[in-house]
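*Asks:* Pasted the sequence and its predicted model underneath.
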Amino acid sequence: MEQVAFIGLGNMGFPMAGHLANRGYEVVVYNRTTCVAQRWVKEYGGTYKLTPAAAAAEADLVITCVGNDEDLHAVLQGGDGVFSAMRAGSVLVDHTTASAQKARELAEFAAIKGCGFLDAPVSGGQLGAEQGALTIMVGGEAGVFKQVESMLSCYAKTIRLMGPVGAGQLTKMVNQICVAGLLQSLAEGLHFAEQAGLDVEAVMQVVSQGAASSWQMQNRYQTMLDGKFDFGFAVKWMRKDLRYVLDEARKQGAQLPVTALVDQFYADVETMGGADWDTSSLIQRLRCR
């Protein structure tokens with residue numbers, strides 16, 4: 001596979017597509033906001049197209065990285081969508097965090113076109129995308145996965161096939177369940193330390209070396225203390241992800257009381273004007289009550 005179409009140049013997609021170009025792949029990009037695609041081409045070379053279909057027409061691999069199920073429908077199944085132009089034998093890899101149901105639907109459309117499909121949501125945030133150090137959770141057929149694994153490694157440190165189509169999205173849901181709970185716990189721990197009059201920096205330096213340590217603690221406690229949230233993974237996107245999680249939990253009969261509660265806490269943060277704040281902003285809800 002040599003030519004890649006990359007659909008969606010947001011905070012994650014922009015650097016991910018850049019890594020592919022830097023590795024020598026011929027990359028054609030599409031973005032809903034054309035000026036972003038033009039900026040990408042200026043920085044990395046390659047070409048941009050004005051529709052998803054035009055970007056995908058000659059591609060061996062099509063990669064999508066958009067916002068949600070509705071965005072996927074628009075760029076893949078709309079009138080100028082990818083499926084109207086994909087060639088038989090090509091592969092579609094979707095990095096969007098979407099529903100498992102949507103992944104299965106897209107796999108069916110791809111099969112009709114004679115194309116492979118993988119649902120492959122990522123974890124690691126914008127920084128991980130920029131550093132080429134993402135974790136990719138993949139659902140699909142092993143043969144299709146082997147065709148594209150080396151290309152995905154251009155921007156990933158960990159790539160694993162988790163099972164059939166949909167398994168990637170389900171694994172990402174587990175990730176978001178764990179992250180939501182960790183962030184609420186960290187917010188409460190920091191808030192308690194502040195209210196108790198402790199040296200919070202000293203507290204964090206100690207507990208971060210023990211069993212309470214986590215990526216969130218190591219990378220977010222300082223900005224949480226400073227009240228800085230104008231970066232990272234936005235609350236509105238976490239709420240989107242948690243909606244998929246809670247919908248799937250109802251289908252599976254899984255009990256997620258803490259996740260449902262944290263989702264409501266994020267709703268409070270949105271009401272405070274924090275829809276675009278980093279997900280670590282849960283602490284502001286405690287400070288303002």
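*Replies:* Perfect, thanks for sending it. Numbering: from 1, shown residues only.
*Asks:* Okay, residue 72 and residue 250: tell me how far apart.
*Replies:* Distance of residue 72 to residue 250, given as C-beta to C-beta, to the nearest Å: 21 Å. Yep, even glycine has a C-beta here, placed from its N, CA and C like the rest.
*Asks:* And these two? Which one has more around it.
*Replies:* Relative neighbour count places residue 72 above the other of residue 72 and residue 250, with 25 against 10, counting by other C-beta atoms under 10 Å.
*Asks:* Is it correct that the more buried one falls within a helix?
*Replies:* Yes. Assigned with DSSP: H, G, I helix; E, B strand; the rest coil, residue 72 falls within a helix.
*Asks:* From what I see, it and residue 52 are in contact.
*Replies:* No. At 10.5 Å, residue 72 and residue 52 do not qualify as touching, with contact defined as C-beta atoms under 8 Å.
*Asks:* Just the element for the residue of the chain positioned farthest from its centre, please.
*Replies:* Farthest-out residue of the chain from its mean C-alpha position, per C-alpha atoms, centre = their mean: residue 197, at 37.3 Å. Using DSSP states H and E, no element contains residue 197; it sits outside every helix and strand.
*Asks:* do the one 5 residues further on as well
*Replies:* With elements taken from DSSP H and E, the one containing residue 202 is helix 200-207.
*Asks:* Show me which positions of that helix end up buried.
*Replies:* Within helix 200-207, the residues that qualify as buried by neighbour count (16 or more other C-beta atoms under 10 Å) are 200, 203, 204.
*Asks:* outside of the longest strand that the chain contains, which residues touch it?
*Replies:* Within the chain, and with DSSP state E defining each element, the longest strand by residue count is strand 156-163. Contacts of strand 156-163 with the rest of the structure, by C-beta atoms under 8 Å, 6 or more residues apart in numbering, involve 122, 132-140, 142, 145, 149, 152-153, 168, 170-171.
*Asks:* ok, now with 10 Å
*Replies:* By C-beta atoms under 10 Å, 6 or more residues apart in numbering, the residues outside strand 156-163 that reach it are 16, 19, 118-120, 122-124, 128-129, 131-142, 144-146, 148-150, 152-153, 167-172, 174.
*Asks:* And for stretch 181-200?
*Replies:* Residues from elsewhere that reach stretch 181-200, judged by C-beta under 10 Å, 6+ apart: 201-207, 212, 214-217, 220-222, 224-225, 238, 256, 258-259, 261-262, 265-266, 278-287, 289.
*Asks:* Where do the helices of this protein begin and end?
*Replies:* If DSSP state H is used as the criterion, the helices of the chain fall at 13-22, 34-44, 52-56, 69-72, 100-112, 125-131, 142-152, 167-195, 200-207, 215-226, 235-252, 257-271, 282-287.
*Asks:* Could you point out which of these sits nearest residue 81?
*Replies:* Comparing these by their distance to residue 81 (C-beta to C-beta), the top pick is helix 52-56, with 5.4 Å.
*Asks:* coming back round to it: mutual contacts of residue 72 and residue 52, please.
*Replies:* Counting by C-beta under 10 Å, 6+ apart, the shared contacts of residue 72 and residue 52 are 7, 8, 64, 66, 78, 81, 82.
*Asks:* Filter these down to the buried ones.
*Replies:* Burial by neighbour count, judged by 16+ other C-beta under 10 Å, picks out 7, 8, 64, 66, 81, 82 from the shared contacts of residue 72 and residue 52.
*Asks:* between those, which is nearest residue 234?
*Replies:* For these, the closest approach to residue 234 (C-beta to C-beta) belongs to residue 66, at 14.8 Å.
*Asks:* and the shared contacts of residue 72 and residue 52 as a markdown table, adding pLDDT and distance to residue 26?
*Replies:* What follows is those, written out as a markdown table (pLDDT from 0 to 100; distance: C-beta to C-beta, whole Å):
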| residue | pLDDT | distance to residue 26 |
| --- | --- | --- |
| 7 | 98 | 15 |
| 8 | 98 | 18 |
| 64 | 98 | 18 |
| 66 | 98 | 22 |
| 78 | 90 | 25 |
| 81 | 97 | 22 |
| 82 | 98 | 17 |
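*Asks:* and the residues you listed as a markdown table, adding distance to residue 112?
*Replies:* Converted to a markdown table, the shared contacts of residue 72 and residue 52 look like this (distance: C-beta to C-beta, whole Å):
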| residue | distance to residue 112 |
| --- | --- |
| 7 | 19 |
| 8 | 23 |
| 64 | 17 |
| 66 | 21 |
| 78 | 16 |
| 81 | 13 |
| 82 | 13 |
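*Asks:* For stretch 178-185, which residues meet the burial criterion?
*Replies:* Under the neighbour-count criterion of 16+ other C-beta under 10 Å, stretch 178-185 has 179, 180, 182, 183, 184, 185 buried.
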